[in-house]
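J.: Pasting the sequence and the predicted coordinates here, then a few questions.
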Amino acid sequence: MVTVLKKYFSKADVTTVLFWAVALGCVYFLALPLVELGTSHLRIVEAFNIDEGEFLWPLSEAYSRGDFNIGRYDYGLWYYNIGLTLVYFVGLFRDVGDQQIIQIMRLESMGFLVGSAWLFYKMGRANFHKIASLGLALSVLLTSVTLLNYGTMLHPDTCQLFFIVWSIFLMQHFISDKKVYWIMAASASAGLAFSTKYAGIALMPIVSGLLFVYGKLLFMGVSQKAKLIVLGLISLVWAAVLDVSWISSQITQEAEVVATMLLLVQIGRVIFIGLLCFSLLGLFQFLKALEAKITILGSILLSQVLALTVFMGAFFLSSPQAAYKLNFLNGFIYVTNLHKDGHWFRDDRGLLGWFDILQEEHVLGTFWIGLSLLGMLAFLWVKRRKKDQINGLLPLVWILVFLGVIVLRVKSKFPHYLIPIIPFLIFYAWGFINDLIGTFARRISIKRRWLLIPIMGISFFISANNAHSYKNDRVEQFKNSDALKAGEWIAHHVQKGDFVLADKYSYVPALEGLSHVTVFGIVVDHLTEYDPDWLMIHPLVYDRFLDISKREGYLYGEDVFDERNWIYSQLLANRFEGYKQVYAVGRVKVFKRNKKSAPDFSRALP
């Protein structure tokens, strides 16, 4: 292994060595401290990141059983299958518990972030000066705090990003030399992205578009008869699989999108039956008069069908659990329906809402957005007559396709939903820097690298400093956590048999005889059902219900909002019947019941 690395780096140029040196330094000095942070117990994990806690439970249970039955399909399972494989491997050499599982999964996320940065370095080398390519890769790795955050989290976003970038990178290779294996590999990578998070399916329209443009150049050495036979056989399989009655019987979710999905299945089946008929007519010489056109059309259609088949094949091979009873369809419908109106509150801001998020400094910031827009305009203007235009356009096409999907279908606005396009915006920003410096260097007769080196150095210093500050902030946030302090206090005051009802993001220690439930907002039904001895409330939850003007946009009903608004207002004023505030740290508050019998809260509801 050492010999192989020596051989590789002896041939690599300075920028390659510098990238890997920075990447390894980033893992050691930035990722490792965050990977270990707050992993001593699952309850602590849940207090800081609900998603991580919800993902860790099924992974831990699957490992304890010795299988891969994760049992969650709201995302694809490729990221989790890779992580569990690593967990089983580590388990061959040492004991593995929840702490080790989450650390392995977080390191996996960081590995995919580094891999994505490396792919952008390679993509940059095909378009920019090598110094600008290094600057691009380091910016992808360090500039966005959102990327760094999810690169040190048990979450599939950086895994999805890696396969999206790889797919587009392979498409660029396909445009360059028109070899069929490049576009099929791009389809497979798109399938792996889809197998990670369902946004990966948005790559397939781009693949299909490229095949409509270049598909006639493929399979030139294959006979017309062979192409028609393969096309017919694949179409026959797809027509058999796309059985609406069977697929509808596997769907357990109820949502508006189900009818649309079944309609698309029906349309797909008709298309494949049509392709089967086309193949048979061509084979039996019924279309002999159109033989020249059929040759071209056959290549285009075959390449389209093969790309779709490779895409779905990669998906099912990487997430075989999702194929069972079409579990992935139910997960896809659930996620689509979950975010169609917003998260908790209706959000109709559309594209401007996403742009507002993108402008936030921890996501990307106005400086990088401005550079990326200039880079896109410069590319369209300067390279509009060059042969590599389509190649360089691919990242822009992806940005537009992805934005179209989330604007039309995703109303829940979170920064990490933009991770699939953030690095591509940075790509165009560095494209602008590369072209601008190149033009200026030619005018003053100086080599471009002498201008790019200080710019890259300044960019790296600023990004690295911000990343270092982010790491320190995360560590300090954990050390000074009000939720942890409240949990430690309650651990010394509860009695065996007590029940704690707590907001999400609260830390309830795991003690023998102590029961608890965490909820996204307390309602009267929780109080009557659990009859809690203790209440813990957290500002990340109760702040959502204090502004009465938000009630009309609350997706779970105005009555529920009013109920939560009343409960939290009463608790914060320490006037809630039956409970008294006994501890507060920051804005996290703990209440103890005054008497054993539960009050009749329904009488006090507004």
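T.: Here it is on my side, so go on. Keep in mind the model is a prediction, meaning the values are calculated, not measured.
J.: if I've got this straight, S139 is in a strand?
T.: No. Per DSSP: H, G, I helix; E, B strand; the rest coil, S139 lies outside any strand segment and is helix.
J.: the helices in the stretch 451-600 of the chain, which residues?
T.: 482-491, 524-530, 539-542, 558-572 (DSSP state H, counting those that start in this stretch).
J.: Now distance to V335, mean pLDDT and mean neighbour count too, for these, in a markdown table please.
T.: Every residue, glycine included, has its C-beta placed from N, CA and C. Listed next are these as a markdown table, based on distance: least, Cβ to Cβ, whole Å; pLDDT from 0 to 100; neighbours: other Cβ atoms under 10 Å:
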| stretch | distance to V335 | mean pLDDT | mean neighbour count |
| --- | --- | --- | --- |
| helix 482-491 | 28 | 94 | 20 |
| helix 524-530 | 26 | 91 | 15 |
| helix 539-542 | 22 | 94 | 19 |
| helix 558-572 | 23 | 92 | 18 |
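J.: I'd like these as JSON lines, with distance to V382 appended.
T.: Converted to JSON lines, the helices of the stretch 451-600 of the chain look like this (distance: least, Cβ to Cβ, whole Å):
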{"stretch": "helix 482-491", "distance to V382": "53"}
{"stretch": "helix 524-530", "distance to V382": "61"}
{"stretch": "helix 539-542", "distance to V382": "47"}
{"stretch": "helix 558-572", "distance to V382": "53"}
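J.: Determine which of those helices approaches M171 most closely.
T.: M171 sits nearest to helix 539-542 of all the helices of the stretch 451-600 of the chain, at 40.8 Å, using Cβ to Cβ.
J.: so what secondary structure elements neighbour the closest one?
T.: When contacts are defined as 3 or more Cβ pairs under 8 Å, 6 or more residues apart in numbering; DSSP states H and E, helix 539-542 sits against strand 499-503, helix 558-572.
J.: contacting residues around that helix?
T.: 503-505, 520-521, 564, 568, 571-572, 586-588 (Cβ atoms under 8 Å, 6 or more residues apart in numbering).
J.: Any idea which of the helices of the stretch 451-600 of the chain gets closest to V207?
T.: Of all the helices of the stretch 451-600 of the chain, helix 539-542 comes closest under Cβ to Cβ, at 40.5 Å.
J.: I'd like to know how far I229 sits from L302.
T.: 10 Å (Cβ to Cβ, to the nearest Å).
J.: of the two, who's got more company?
T.: Just comparing I229 and L302: by other Cβ atoms under 10 Å the higher neighbour count belongs to L302, 26 against 14.
J.: Looks to me like that one is in a helix.
T.: Yes. L302: assigned to a helix according to three-state DSSP.
J.: wait, doesn't it sit right on F219?
T.: Yes. Counting by Cβ atoms under 8 Å, L302 does reach F219; the two are 6.4 Å apart.
J.: Run through who's touching stretch 515-534.
T.: 46, 344, 490, 494, 498-504, 506, 508, 535, 537, 541-542, 544-545, 560, 563-564, 567-568, 590-593, 598, 601-602, 605.
J.: Out of those, which end up buried?
T.: The neighbour-count test (16 or more other Cβ atoms under 10 Å) marks 46, 344, 490, 494, 498, 500-503, 506, 508, 535, 537, 541-542, 544-545, 560, 563-564, 567-568, 590-593, 601 as buried among the contacts of stretch 515-534.
J.: hey, what's in contact with both of L302 and F219?
T.: By Cβ under 8 Å, 6+ apart, the residues touching both L302 and F219 are K227.
J.: So for D51, what's the pLDDT?
T.: pLDDT recorded at D51 is 87.
J.: List the contacts of it.
T.: 153-155.
J.: thinking again about what came up before, looking at the helices of the stretch 451-600 of the chain, which is closest to C159?
T.: Closest approach to C159 among those is made by helix 539-542 (26.4 Å; Cβ to Cβ).
J.: Mind exporting the C-alpha coordinates of that closest one to PDB?
T.: Output of helix 539-542 as PDB, limited to C-alpha atoms (Å, rounded to 0.1, in the frame of the first residue of the first chain):
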ATOM      1  CA  PRO A 539     -36.900  27.200  23.100                       C
ATOM      2  CA  LEU A 540     -36.200  25.500  19.800                       C
ATOM      3  CA  VAL A 541     -39.700  24.100  20.100                       C
ATOM      4  CA  TYR A 542     -41.700  26.500  22.200                       C
END
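J.: chain center to that helix: distance?
T.: How far helix 539-542 lies from its chain's middle: 25 Å, per Cα atoms, centre = their mean, to the nearest Å.
J.: Same check on stretch 361-375?
T.: For stretch 361-375, the distance to the chain centre is 20 Å (Cα atoms, centre = their mean).
J.: Pull out the buried residues from it.
T.: Under 16+ other Cβ under 10 Å, the buried positions of stretch 361-375 are 363-365, 368-369, 371-372, 374-375.
J.: Was I right to think S279 contacts L228?
T.: Yes. Using Cβ under 8 Å, S279 is in contact with L228, at 4.6 Å.
J.: low-scoring stretches of this structure, by residue?
T.: 1-12, 255, 285-294, 383-389, 595-606 (pLDDT under 70).
J.: picking that back up, could the helices and strands packed on helix 539-542 go into a markdown table alongside distance to V17?
T.: A markdown table is the format used below for the helices and strands packed on helix 539-542 (distance: least, Cβ to Cβ, whole Å):
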| stretch | distance to V17 |
| --- | --- |
| strand 499-503 | 49 |
| helix 558-572 | 56 |
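J.: Nearest to S208, out of these?
T.: Using Cβ to Cβ, the nearest of the helices and strands packed on helix 539-542 to S208 is helix 558-572, at 43.7 Å.
J.: just checking, what packs against the closest one?
T.: Right, helix 558-572 is packed against strand 534-537, helix 539-542, strand 588-593 by 3+ Cβ pairs under 8 Å, 6+ apart.
J.: Now the longest one - C-alpha only, CSV.
T.: Looking back up the chat, that one is strand 588-593. Extracted in CSV, the C-alpha atoms of strand 588-593 (Å, rounded to 0.1, in the frame of the first residue of the first chain):
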residue,chain,number,x,y,z
VAL,A,588,-34.5,25.7,29.0
LYS,A,589,-37.0,25.2,31.8
VAL,A,590,-38.0,22.4,34.1
PHE,A,591,-41.4,22.1,35.9
LYS,A,592,-42.5,19.7,38.6
ARG,A,593,-46.0,18.6,39.3
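J.: got a list of contacts for that strand?
T.: Against strand 588-593 from outside (Cβ under 8 Å, 6+ apart): 482-483, 485-486, 489-490, 506, 532-539, 571-572, 576, 578-584.
J.: Run the chain-centre distance for the one helix or strand L281 maps to.
T.: Following DSSP states H and E, one finds L281 within helix 256-283. Helix 256-283 has its C-alpha centroid displaced from the chain centroid by 30 Å (Cα atoms, centre = their mean).
J.: One more: stretch 520-537?
T.: Worked out by Cα atoms, centre = their mean, stretch 520-537 lies 33 Å from the chain centre.
J.: Take that stretch and give me the span from its first residue to its final residue.
T.: 10 Å (Cα to Cα, to the nearest Å).
J.: can you tell me which residues contact the residue positioned nearest the centre of the chain?
T.: The residue lying closest to the centre of the chain (Cα atoms, centre = their mean) is D157, at 2.8 Å. Residues near D157 by Cβ under 8 Å, 6+ apart: 109, 150, 197, 416, 419.
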